[in-house]
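Novice: quick one, structure for this:
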Amino acid sequence: MRSTLDLEVPTRGPRGQIVVLVAVMLVVLVGIAGLAIDISSAYLTERGLRAVADAASLAGGQDLQIPGSRALPGSTEQGRARDHALDVLVSRLGASSRPSDPSCYVSAGCMLPGTDYEVAIQTPSPSRLDCFPDVRCIQVTIRQTAFGLTFARIFGFTEWTVTSASVAGVVQAQQYGVVTLRPPKPRGASGGDANEDNIFVSGGSRVVVGNADIGTNTNLRIEGTGSAVILDPGYAVHNYDPYQRWTAPPPGFQLTSLIEDPLYAIPDRTDVPGLPVYSASGLSDAKLTTADCALEQQNVPDAYEFAGVRVKDLDPADVTCYKPGIYDLELQSGTDEVVLLTTDPVWGGVYFFDKGMDLGNPSALIGGYEGGQPGVALVFQECDVNNNCPLKGNTADLIALNFGDTYPSASNAQAAEWNGGSVQTSATPPLLMSLMVVPDPICYVAPEEPAGHCSTHNQTLNLPGGGSLFVAGVQYAPTDNAVVTGGSGSGGVLGQIISWTIRFTGGSELNLQAALGSKEGVLRLDRACSPTHVCNP
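Specialist: Okay, here's the model as predicted:
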C-alpha cells in the first residue's frame with residue numbers, strides 16, 4: 001500500500017506565460033483603442049474643416065450668377081468668387097494675413113500664413129454634379145498638413161494630413177423649350193441606339209431656342225451642312241442617355257432620371273353638352289356669314305399679312321371665318337384662302353379637329369389675333385395607321401395662333417376659354433396651350449419604350465418652318481411624333497413643345513421661345529464632395 005506521501009505531483013510548465021500573453025494583449029488593445037481615439041479626433045477635425053469649406057464655397061458661389069440673367073459668369077465674377085472664398089478661409093482658420101500666392105487658386109494650393117492649413121480654391125470647379133456648367137461652380141479644399149497624433153505613435157505614426165473639400169454653385173431649374181418623352185433603348189452591339197434621334201435636326205435646319213433648355217429622354221442628333229441647334233448662354237441640352245450623340249455646341253448635361261409627362265389637362269368635349277358638331281354635309285353651319293366674317297376680318301391687326309397684303313385688306317371672298325366646335329371631317333383650306341378661327345361667347349375658343357386639317361399652298365391659318373382677349377386652342381386625335389387625322393400644315397404660308405396684336409414678336413392673347421375656365425397648363429405660372437394631341441394610352445414614359453411601337457406612329461403635328469410659323473404658348477403632344485419642315489429664310493416663333501419625338505428638316509429656321517419662369521438660380525452645396533462622391537483634385 002502506498003502512503004499519501006507517495007502521491008505524484010503534476011509537472012508544472014514555464015512560469016509566467018499567461019502574464020506575458022496578457023501584457024502583450026493589453027498593449028495591443030491599448031494601441032487599438034488609442035488609434036481609434038486618434039481616428040475619431042481626425043474625423044471630428046475633418047468635419048470641422050468641412051463646415052469651414054462649405055461656408056467658403058457658398059460665399060464664393062453667390063458671385064457666380066449675374067442677377068436677372070442666365071448669362072454665364074466671366075473672369076470678373078469668377079475672380080470675385082475666389083476672393084470671397086479666400087476671405088472666409090482667412091477669417092475662419094485664423095490666418096495671420098491674407099496670402100497673395102497665386103497657387104491658392106489652383107489644385108496645388110497655398111499655405112495660410114500662421115497656420116498649418118493648406119487651401120486650394122478653384123473655379124471653374126474640377127468636380128460638379130448638380131451645378132452646371134462648371135463655371136457656375138466653385139471648389140474649396142482645405143488640408144491640415146500636420147495633424148498631430150498621440151496614441152498612434154505606438155505604431156510609428158506621428159502626424160497625418162486631414163483633408164476636406166466642398167463644392168457649391170448656382171443650380172438652375174430646367175426650363176425646357178423643347179421636350180421629347182420617348183424612352184431610351186439599350187445601345188446595340190455596334191454602338192447604335194434606335195432612339196438616339198429623339199430630337200433630329202437635319203437638312204440645314206436651324207433651331208434657335210431662347211430663354212430655355214432642351215430636354216430629351218434619349219438624345220439629340222444633328223446632321224447635314226448648316227444644321228444647328230443654338231441655345232442662349234447658360235442653357236443646355238439635358239439628355240438621359242449616358243452618352244452624347246451630338247458634338248457640342250450646344251453643351252450637354254446628363255439627366256439622372258427620365259423627364260416625366262406633365263399630364264396637362266386637354267379639353268374634354270363631354271364636359272360641355274350641346275357643343276356643335278360639324279360634318280361635311282353641314283360645314284356651312286360652321287362658318288360665319290359673309291357679312292359677319294367681313295366685320296371679323298377688320299379685327300385682325302395690320303401686321304398680319306398674306307401674300308404681302310394685310311389680311312384686313314383682302315377680298316372678303318378669300319377669307320373664311322370658322323366657329324369653335326367639333327369637326328367630324330378633315331377641314332381643308334382653299335387655294336389662296338385665309339382661315340380665321342373665331343371665338344364664341346358660349347362655346348369659348350376650342351376646336352376639335354377629329355379628322356385633321358389640310359392647309360393648302362398658299363393658305364393661312366390665323367386665330368387668337370385680338371390682344372388681351374381669349375384666344376383659340378386646337379385639339380387633334382393621335383393619328384392611326386392610315387394617317388387620318390393630322391394637321392397638314394407643312395406648306396402653309398402662315399400659321400399664326402394666339403399672337404394677339406403683337407405678332408410677329410411675342411404673344412399677347414390670353415388662353416382660350418373653355419367650360420368656365422381656361423385652356424392652360426397646370427404649371428406655375430400657368431401658360432396658354434395652343435396645339436394639343438390627345439395622348440395614346442399605350443405610349444408612356446417608362447425605363448424602356450412601351451410596346452405598341454409609339455415611335456412609328458404617323459406625325460399628327462406637321463408644321464411649316466421659318467417665317468411661316470408663329471404659335472404661342474405650349475404645344476402639348478406627349479405621345480405624338482411632330483415634324484417641322486421647310487419654310488422661309490427668316491425665323492418663325494414656336495412656344496414650348498412637348499412631344500414623343502420631333503424632327504426639324506428641310507432647311508427650316510425656327511425660334512422656340514418658351515414663356516417660362518425666373519432666370520434666377522439657387523445657390524446650394526453640390527453633392528460632388530460627399531461621402532458617396534470623391535472630389536477631383
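
Novice: outside of stretch 279-291, which residues touch it?
Specialist: Residues outside stretch 279-291 that contact it (C-beta atoms under 8 Å, 6 or more residues apart in numbering): 276, 278, 293, 296, 316, 320-323, 325, 327-329, 342. Backbone N, C-alpha and C define where each C-beta goes, glycine included.

Novice: just the endpoints, please. Distance across it?
Specialist: Taking C-alpha to C-alpha, to the nearest Å, stretch 279-291 runs 23 Å from one end to the other.

Novice: residues of stretch 75-84 that come out buried?
Specialist: By neighbour count on 16 or more other C-beta atoms under 10 Å, the buried set for stretch 75-84 is 77-78, 80-84.

Novice: which of the helices or strands spans residue 41?
Specialist: Using DSSP states H and E, residue 41 sits in helix 17-61.

Novice: so for that helix, mean pLDDT?
Specialist: In this model, helix 17-61 carries a mean pLDDT of 76.

Novice: ok, now stretch 273-291?
Specialist: Stretch 273-291 shows an average pLDDT of 94 in the prediction.

Novice: just the buried members of the contacts of stretch 279-291?
Specialist: 278, 293, 296, 320-323, 325, 327, 329, 342.

Novice: what about the helices in this protein?
Specialist: 17-61, 75-92, 290-297 (DSSP state H).

Novice: could you find the closest non-adjacent residue to residue 128?
Specialist: Sequence neighbours aside, residue 137 is the residue nearest to residue 128 in space, at 4.5 Å (criterion: C-beta to C-beta, 6 or more residues apart in numbering).

Novice: show me which strand runs longest in the protein.
Specialist: Counting by DSSP state E, the longest strand found in the chain is strand 469-485.

Novice: alpha carbons of it, in PDB - could you do that?
Specialist: The C-alpha atoms that make up strand 469-485 are tabulated as PDB, following Å, rounded to 0.1, in the frame of the first residue of the first chain:
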ATOM      1  CA  LEU A 469     -45.000  79.600 -88.200                       C
ATOM      2  CA  PHE A 470     -46.000  81.700 -85.200                       C
ATOM      3  CA  VAL A 471     -47.600  79.700 -82.500                       C
ATOM      4  CA  ALA A 472     -47.600  81.000 -78.900                       C
ATOM      5  CA  GLY A 473     -47.800  79.200 -75.600                       C
ATOM      6  CA  VAL A 474     -47.400  75.400 -75.200                       C
ATOM      7  CA  GLN A 475     -47.900  72.700 -77.800                       C
ATOM      8  CA  TYR A 476     -48.700  69.600 -75.900                       C
ATOM      9  CA  ALA A 477     -48.500  66.300 -77.800                       C
ATOM     10  CA  PRO A 478     -46.900  63.900 -75.300                       C
ATOM     11  CA  THR A 479     -47.200  60.700 -77.400                       C
ATOM     12  CA  ASP A 480     -47.100  62.300 -80.900                       C
ATOM     13  CA  ASN A 481     -44.200  62.500 -83.400                       C
ATOM     14  CA  ALA A 482     -44.100  66.100 -84.500                       C
ATOM     15  CA  VAL A 483     -42.300  67.500 -87.600                       C
ATOM     16  CA  VAL A 484     -41.300  71.000 -88.700                       C
ATOM     17  CA  THR A 485     -40.400  71.100 -92.300                       C
END
